[in-house]
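Chemist: could you look at this predicted model? Sequence included:
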Amino acid sequence: MNNWTGIFILSCWVVFFIYWVVNAANVKQNIEKHISLRYIFLLSLVVGAVFITMLYEKTFLQNTLWKASTRLGIVTDLLVSVGLSITLWARATLGKNWSAHVTLKKGHKLIKHGPYAVVRHPIYSGMIIMSVGTAINIGRVYAFVLLAAMLVGFIAKFRLEEELMLKHFTKEYKLYKKRVKALVPYIF
């Protein structure tokens, strides 16, 4: 990883986390919260994958897939920047409806404008783009193992969120789901 690219990517992730922490306090009160054993299990697998890759330095997980270059650094910086922009835009659009957990808020509204007009889960889409850029920049097997684990976790979580939205916004959410793809416009 190029030093400047690494610093830039790390800075983008720091901005992401600071924005989330600062804005987490300014949300509506929960009226329904889902705790799923299936989601907890998948989250445990993701956390387990992180620890396994950290503990075993001398395994195939540490193998380098390609050599870092200036061009690669520029591409990965762009990916992470685009992903960060999408996540910040989506989080700002959600406003007080946002939650880190699968919840329904008091006075919850179904958001279908801004990035939510393009995909149903733009925060996850943006985080995936950021993570793809980060993994490509790291260029080691473990980065892609973690990326795959994150994808499984996001898909599990957004399915739970969609169950909740279908329960409370049945007709409106069904129409929205038919019209707008989950993570990748026109594809998935």
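Modeler: In hand now; what should we look at?
Chemist: render the CA-only coordinates of stretch 16-33 in PDB, please.
Modeler: What follows is stretch 16-33, C-alpha atoms only, in PDB (Å, rounded to 0.1, in the frame of the first residue of the first chain):
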ATOM      1  CA  PHE A  16     -17.000   7.900   8.100                       C
ATOM      2  CA  PHE A  17     -16.800   6.700  11.700                       C
ATOM      3  CA  ILE A  18     -16.700  10.200  13.200                       C
ATOM      4  CA  TYR A  19     -19.700  11.200  11.100                       C
ATOM      5  CA  TRP A  20     -21.600   8.100  12.300                       C
ATOM      6  CA  VAL A  21     -20.700   8.600  16.000                       C
ATOM      7  CA  VAL A  22     -21.500  12.300  16.000                       C
ATOM      8  CA  ASN A  23     -24.900  11.800  14.300                       C
ATOM      9  CA  ALA A  24     -25.900   8.600  16.200                       C
ATOM     10  CA  ALA A  25     -27.200  10.700  19.100                       C
ATOM     11  CA  ASN A  26     -29.600  12.700  16.900                       C
ATOM     12  CA  VAL A  27     -32.100  10.000  16.000                       C
ATOM     13  CA  LYS A  28     -35.800   9.300  16.700                       C
ATOM     14  CA  GLN A  29     -36.800   7.000  19.600                       C
ATOM     15  CA  ASN A  30     -37.100   3.300  18.800                       C
ATOM     16  CA  ILE A  31     -40.500   1.800  19.000                       C
ATOM     17  CA  GLU A  32     -39.600  -1.700  17.600                       C
ATOM     18  CA  LYS A  33     -36.200  -3.400  17.600                       C
END
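Chemist: remind me which residues of this structure are low pLDDT?
Modeler: Along the chain, the parts satisfying pLDDT under 70 run over 1-2, 34-39, 42, 50, 53-58, 60-61.
Chemist: can you pull out the strands in it?
Modeler: 30-34, 102-105 (DSSP state E).
Chemist: any chance of these in CSV, plus distance to residue 84 and mean neighbour count?
Modeler: (Each C-beta comes from the backbone N, C-alpha and C, glycine too.) Formatted as CSV, the strands of the chain follow (distance: least, C-beta to C-beta, whole Å; neighbours: other C-beta atoms under 10 Å):
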stretch, distance to residue 84, mean neighbour count
strand 30-34, 27, 13
strand 102-105, 24, 19
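Chemist: turn these into TSV, columns for distance to residue 154.
Modeler: Formatted as TSV, the strands of the chain follow (distance: least, C-beta to C-beta, whole Å):
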stretch	distance to residue 154
strand 30-34	16
strand 102-105	12
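Chemist: among those strands, which is nearest residue 177?
Modeler: In terms of C-beta to C-beta, the element of the strands of the chain nearest to residue 177 is strand 102-105, at 16.4 Å.
Chemist: separation between residue 3 and residue 74?
Modeler: Applying C-beta to C-beta, to the nearest Å, one obtains 14 Å for the distance of residue 3 from residue 74.
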